[in-house]
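Asks: structure for this input, please:
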Amino acid sequence: MKAGIQTNEGDVAVKDAIDFLEKVTPLKALDSDESLNSIAKDSVNNIGLCKDFDEIEKKNDLDSLIEKYGSINGAFAQSVEFGTTVPEMIVANLLIDDGDSDRGNRKNIFKEEFKIIGANYAVHKEFRTSTVILFCQNFIPNKDGEKKTHKKADKTVTLKEGDPDPSEIKDEDFTEGVTKVSKEVEIITKGKQVTKIVTTNKTMKDGSIVTEVTNYEMEK
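Replies: Numbering: from 1, shown residues only. As a prediction, this is how the structure comes out:
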């Protein structure tokens, strides 16, 4: 006899998941990423030492774990599941997402922006087991295992909704004496804060290059 899934919402949550799966468009499989696997391992080990959810929020500093291995570029999310060891049941629980009216874990699985994934699980002293799954659009690993450092920004600008994309090259970038302009973009996500770091390289008539770094802060 197979074990069933007990839900707080009753069969409503299960029926909702079934209805969703019958209508959703299939996506390409996510690629496993070693850096994300390492972050997930550190995260799940931290969680395993916590006795309740409040302690998890305090002790599992995901931003610090990410910086240990590299930086997030684009969309990122974490899903955590407790008490299950069977992989199929872990996925089923996340798809049903019982008790969360927003179904955030289900949305993580089917978010089109996500391209890579990392996962790990460990014994938990209160909930038997815990599993951490990390979803990411792109991850930039640190070189030679060293903590990534960023160029100091010349200025920080708050980017509002509707503002033009600062990573695009515009006419106003060609100030007096500038013959060529190139831009490099890096996106750093910490919690709800998203920072777009734009490095603008301007080649002058005499062949010299002037570099400007601007942080554009946006809300996710």
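Asks: buried residues, the host helix or strand of residue 107. List them.
Replies: Using DSSP states H and E, residue 107 sits within helix 104-109. For helix 104-109, burial by neighbour count (16 or more other C-beta atoms under 10 Å) applies to 105, 106, 108, 109. Quick note: C-beta positions are derived from backbone N, CA and C, even for glycine.
Asks: of those residues, closest to residue 190?
Replies: Nearest to residue 190, judged by C-beta to C-beta, of the buried residues of helix 104-109 is residue 108 at 17.9 Å.
Asks: leaving out sequence neighbours, find the closest residue to the closest one.
Replies: Using C-beta to C-beta, 6 or more residues apart in numbering and skipping residues adjacent in sequence, the residue nearest residue 108 is residue 77, 4.6 Å away.
Asks: host element of the one you found?
Replies: strand 76-82.
Asks: now do that strand: everything it contacts.
Replies: The set of residues external to strand 76-82 that reach it, using C-beta atoms under 8 Å, 6 or more residues apart in numbering, is 43, 47, 62, 90, 93-94, 104-105, 108-109, 111, 114, 124, 127-137, 189.
Asks: against which helices or strands is the strand or helix carrying residue 118 packed?
Replies: Assigned by DSSP H and E, residue 118 belongs to strand 116-124. Under the contact criterion of 3 or more C-beta pairs under 8 Å, 6 or more residues apart in numbering; DSSP states H and E, strand 116-124 touches strand 31-32, helix 34-48, strand 128-136.
Asks: so what strands line up beside the shortest one?
Replies: For strand 31-32, the pairing partners within the sheet under DSSP bridges are strand 116-124 (parallel).
Asks: what are the buried residues along the partner strand?
Replies: For strand 116-124, the neighbour count (16+ other C-beta under 10 Å) marks 116, 117, 118, 119, 120, 121, 122, 124 as buried.
Asks: try stretch 199-214
Replies: 199, 200, 202, 213, 214.
Asks: closest to residue 18 out of the helices and strands packed on strand 116-124?
Replies: Closest approach to residue 18 among those (C-beta to C-beta): strand 128-136, 21.4 Å.
Asks: helix or strand next in line after the closest one, which one?
Replies: strand 139-141.
Asks: list the helices and strands that next one packs on?
Replies: Helices and strands touching strand 139-141, as assessed by 3+ C-beta pairs under 8 Å, 6+ apart, comprise helix 34-48, strand 70-72.
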